[in-house]
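Visitor: predicted model and sequence below, questions to follow.
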Amino acid sequence: MDLIQRITRQFEDSARAKMEALDAMAAPIAGAVEVMTQCLLGNGKILACGNGGSAADAQHFAAELVNRFEMERPPLAAIALTTDTSTLTSIANDYDFVQVFSKQVSALGQPGDVLLAISTSGNSPNVIAAIEAAHERDVRVIALTGKGGGKITGCLRDEDIHLCVPADRTARIQEVHLLTLHCLCDGIDCLLLGVEE
């Protein structure tokens, strides 16, 4: 086994996946930036959820907004629904793991807020339940998926935005998800701060 060759292939495959995603995703990412920025300017908040690596992405995104991305600016309202272990475990224990995000959306979501729903496969039942709860609360949804979008595709409304990575391999989808989250953070900062470069 040649590890250098395998590592090189990983880098090349990742770069290829990102470039292939550009054409399909640039316009919807720009639309998501505008929706999120309007939410924040209207004193709304962004709720984010996902499982496993997508939970880490939800937390990463919320941290970049609440603290900072690359430029100094005031804190922005974002909450990762993946971090409160008491809430997560009580819901999973007393009800069902499928409801761990939807109950939080029902409790915290207000009209004008945005839910960032992350699912690599597009089939995560608890993320789908969160989307349904968001719609009940008049919370707009931005879905970040891959593998054709899965069941989430059929759950979205016309006003929602679907950022679907055109790839099937989980690692490549997650790598494009991270780049997408950084594009969202950069775009929000650009619109809020009037950055031209």
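Guide: That came in fine, so what should we check first?
Visitor: and the lengthiest helix in the chain, what other elements does it pack with?
Guide: Of all segments of type helix in the chain, defined using DSSP state H, the longest is helix 3-41. Using 3 or more Cβ pairs under 8 Å, 6 or more residues apart in numbering; DSSP states H and E, the elements in contact with helix 3-41 are strand 46-49, strand 114-118, strand 140-145, strand 161-164, helix 170-193. Using the backbone N, CA and C atoms, a C-beta is placed for each residue, glycine as well.
Visitor: and the angle from that helix to strand 140-145?
Guide: Between helix 3-41 and strand 140-145, the angle comes out at 180 degrees (axes from the mean of the first three to the mean of the last three Cα atoms, to 10 degrees).
Visitor: quick check: buried residues in helix 3-41?
Guide: For helix 3-41, burial by neighbour count (16 or more other Cβ atoms under 10 Å) applies to 14, 17-18, 21, 25, 28-29, 32-33, 35-37, 39-40.
Visitor: quick check: mean pLDDT of stretch 148-165?
Guide: Average pLDDT, stretch 148-165: 98.
Visitor: straight-line length of that stretch, end to end?
Guide: Between the opening and closing residues of stretch 148-165 we find a distance of 8 Å, counting by Cα to Cα, to the nearest Å.
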